[in-house]
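Visitor: what's the 3D shape of this:
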Amino acid sequence: QVQLVESGGGSVQPGGSLRLSCAASGIILSIDAMGWHRQAPGKQRELVAVITRGGDTTYADSVKGRVTISRDNAKNTVYLQMNSLKPEDTAVYYCNAPRILTTSGMKYDYWGQGTQVTVSS
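Guide: Sure thing, here's the model as predicted:
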């Protein structure tokens with residue numbers, strides 16, 4: 001069974017940095033795009049960044065220039081390096097893999113359990 005497990009969240013002061021990781025486990029042949037979303041209290045979940053298997057990236061306007069998404073295909077892991085963090089970045093961050101190819105065929109729409117990021121002085 002495939003699972004996505006995030007790590008790296010925590011509390012940081014404004015201007016600080018955090019690096020989130022999300023590792024996919026299970027019998028995985030390949031993973032297409034992987035992404036990070038976030039949900040702040042009282043708000044809808046929003047896309048932060050996405051990266052294709054080939055490394056093409058897309059970012060939300062609110063994080064451009066401050067956030068870098070990367071992945072290690074051999075480790076089935078995606079990372080989110082966040083710099084110059086702001087209080088408005090406070091949210092639960094979720095990783096997502098819309099399509100994962102397993103030995104049982106293509107599986108869809110996997111989400112991690114979420115990791116809290118709090119930016120506060």
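Visitor: Spatially central residue for the protein, please.
Guide: residue 36 (2.9 Å; CA atoms, centre = their mean).
Visitor: you'd agree it is in a helix?
Guide: No. If the criterion is DSSP: H, G, I helix; E, B strand; the rest coil, then residue 36 is strand and not within a helix.
Visitor: is it in a bridge, and if so with what?
Guide: Beta-bridge pairing for residue 36 (DSSP bridges): residue 49, residue 95.
Visitor: ok, residue 19 touching residue 81?
Guide: Yes. With contact defined as CB atoms under 8 Å, residue 19 counts as touching residue 81 (5.1 Å). Heads up, the C-betas are built off the backbone N, CA and C, glycines and all.
Visitor: how much space between the residue nearest to the centre of the chain and residue 84?
Guide: In this view, residue 36 and residue 84 are 17 Å apart by CB to CB, to the nearest Å.
Visitor: Kindly report the same for residue 118.
Guide: 16 Å.
Visitor: show me what contacts the residue lying farthest from the centre of the chain?
Guide: For the chain, the residue at maximal distance from the C-alpha centroid (CA atoms, centre = their mean) is residue 104, at 24.8 Å. Listed by CB atoms under 8 Å, 6 or more residues apart in numbering, the contact partners of residue 104 are residue 27.
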